[in-house]
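# I'd like to go over a predicted model; first the sequence, then the structure.
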Amino acid sequence: MSSKILIIGACGQIGTELTAKLREIHGVDNVIASDINTRKLDLVNSGPFEIIDAKNFNAIKDCCKNHNIDTVYLMAALLSATGEKYPMEAWDLNMNSLFHVLNLAKGGNIKKIFWPSSIAVFGPTTPRENTPQHTICEPTTVYGITKQVGERWCEYYNNKYGVDVRSIRYPGIISHKAMPGGGTTDYAVEIYHEAIKNGSYECFLSENTSLPMMFMEDAIKATINLMEAPSEQLTIRSAYNLSAISFTPKDIFESIKNHLPDFEITYNPDFRQAIADSWPSSIDDSVARKDWNWKESFNLEAMTTVMLKELKKKYNP
Ligand code: AKB
């Protein structure tokens with residue numbers, strides 16, 4: 001029997017593509033998309049959709065009951081840059097939504113949870129290169145604090161109550177369908193849009209800031225592979241390190257310039273520079289590779305080729 005899945009935060013950058021992929025695998029009617037509003041009409045009209053505020057326990061519970069949900073992907077969150085502007089809102093949304101789904105699973109209402117963590121759990125005292133799975137985590141952003149604390153709660157609910165919760169420390173995710181919102185790694189998406197639309201980009205990080213990144217197709221593959229892995233193979237119930245590519249604004253600029261020779265960039269770092277400087281530049285994800293055979297498919301060049309091709313179609317149909 002196919003899973004009955006609820007995606008909370010389905011209109012966001014990852015939620016949009018996750019919904020489409022899960023519907024391809026499990027059938028449209030077995031995947032309920034939900035978000036706080038109906039801002040993405042194409043997604044809302046593409047299959048079952050519910051308006052759910054991720055902070056509302058009863059709304060999530062009723063939806064799970066009405067649709068016989070067994071698996072929840074909790075994708076709603078305030079990210080690093082927005083979290084610094086609205087710290088209490090970030091804490092409220094990121095923590096309470098997690099407790100709601102963990103408690104539903106503890107009470108037997110759902111069987112499996114995916115909850116995304118992030119490289120934001122790391123901080124300035126973490127080894128920056130090849131950051132190990134188990135290492136110092138002293139995040140300096142509210143978002144990072146919520147993800148670090150969330151990881152501890154996931155592990156606790158797994159150890160104490162047997163809740164099957166799975167998580168990944170996502171790097172920056174690059175995609176051409178839905179825009180990211182409020183993250184520090186967002187420049188790596190904006191730059192492709194601006195290259196096609198305007199031929200120039202003003203980057204809010206400095207040219208040599210190296211960060212771990214990943215193409216959306218790889219991120220979706222990783223998420224689904226982790227959720228399909230046999231439970232007994234998983235040795236991490238906080239969140240898995242995951243990596244694909246690390247690059248700087250200068251690297252991505254040069255990769256775009258190979259396709260668009262007139263493309264220009266300027267650098268004007270803002271408050272997000274301090275956040276980026278506190279994060280690792282590369283990640284050791286050997287545990288994910290060993291436990292559930294993780295392997296990325298896209299390097300920077302392959303990603304740039306797809307991004308430019310798809311965005312050209314979007315802006316010059
Ligand atoms: C952000 O920049 O806040 C996110 C993340 C790395 O989790 N993309």
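Cool, the structure landed. Numbering: from 1, shown residues only.
# how many residues are close by residue 140?
The number of residues packed near residue 140 is 18, by other CB atoms under 10 Å. Placement of C-beta: from N, CA and C, glycine included.
# quick check: it is in a helix.
No: looking at residue 140 with DSSP: H, G, I helix; E, B strand; the rest coil, it is coil, so not inside a helix.
# tell me who's in contact with it.
Residues near residue 140 by CB atoms under 8 Å, 6 or more residues apart in numbering: 123-124, 274-275, 278.
# apply 7 Å and report the result again.
123-124, 278 (CB atoms under 7 Å, 6 or more residues apart in numbering).
# am I right that residue 287 is in contact with residue 132?
No: counting by CB atoms under 7 Å, residue 287 stays clear of residue 132, with 9.0 Å between them.
# how far away is residue 178 from the ligand?
As defined by CB to the nearest ligand atom, to the nearest Å, residue 178 lies at a distance of 13 Å from the ligand.
# helix, strand or coil: sort out that residue for me.
What three-state DSSP gives for residue 178 is coil.
# how close does the residue nearest to it when sequence neighbours are not counted sit to the ligand?
Distances taken as CB to CB, 6 or more residues apart in numbering place residue 16 nearest to residue 178, at 4.1 Å, with adjacent residues excluded. Computed as CB to the nearest ligand atom, the residue 16 to the ligand distance reads 15 Å.
# tell me which element residue 16 falls in.
helix 13-26 (DSSP states H and E).
# before we move on, what about residue 32?
For residue 32, the host element (DSSP H and E) is strand 31-35.
# show me what that strand packs onto, helices and strands only.
strand 5-8, helix 13-26, strand 49-51 (3 or more CB pairs under 7 Å, 6 or more residues apart in numbering; DSSP states H and E).
# just checking: what are the partner strands of it?
Here strand 31-35 has these sheet partners by DSSP bridges: strand 5-8 (parallel), strand 49-51 (parallel).
# can you get me a residue count around residue 60?
Residue 60 has 27 neighbouring residues, counting by other CB under 10 Å.
# wasn't it part of a helix?
Yes: Residue 60 sits within a helix when classified using three-state DSSP.
# how close does it get to residue 86?
According to CB to CB, to the nearest Å, residue 60 and residue 86 sit 22 Å apart.
# cool, residue 257 as well?
36 Å.
# and of the contacts of residue 140, the nearest to the ligand?
If you rank the contacts of residue 140 by distance to the ligand using CB to the nearest ligand atom, residue 278 comes first, at 11.5 Å.
# run through the residues that contact the closest one.
Contacts of residue 278 by CB under 7 Å, 6+ apart are 123-124, 140.
# check residue 67 too.
Going by CB under 7 Å, 6+ apart, the list of residues near residue 67 reads 4, 6, 32.
# now swap in residue 242 and tell me
Residues counted as contacts of residue 242 (CB under 7 Å, 6+ apart) are 168-171, 222, 283, 285, 288, 294.
# great, nothing more from me.
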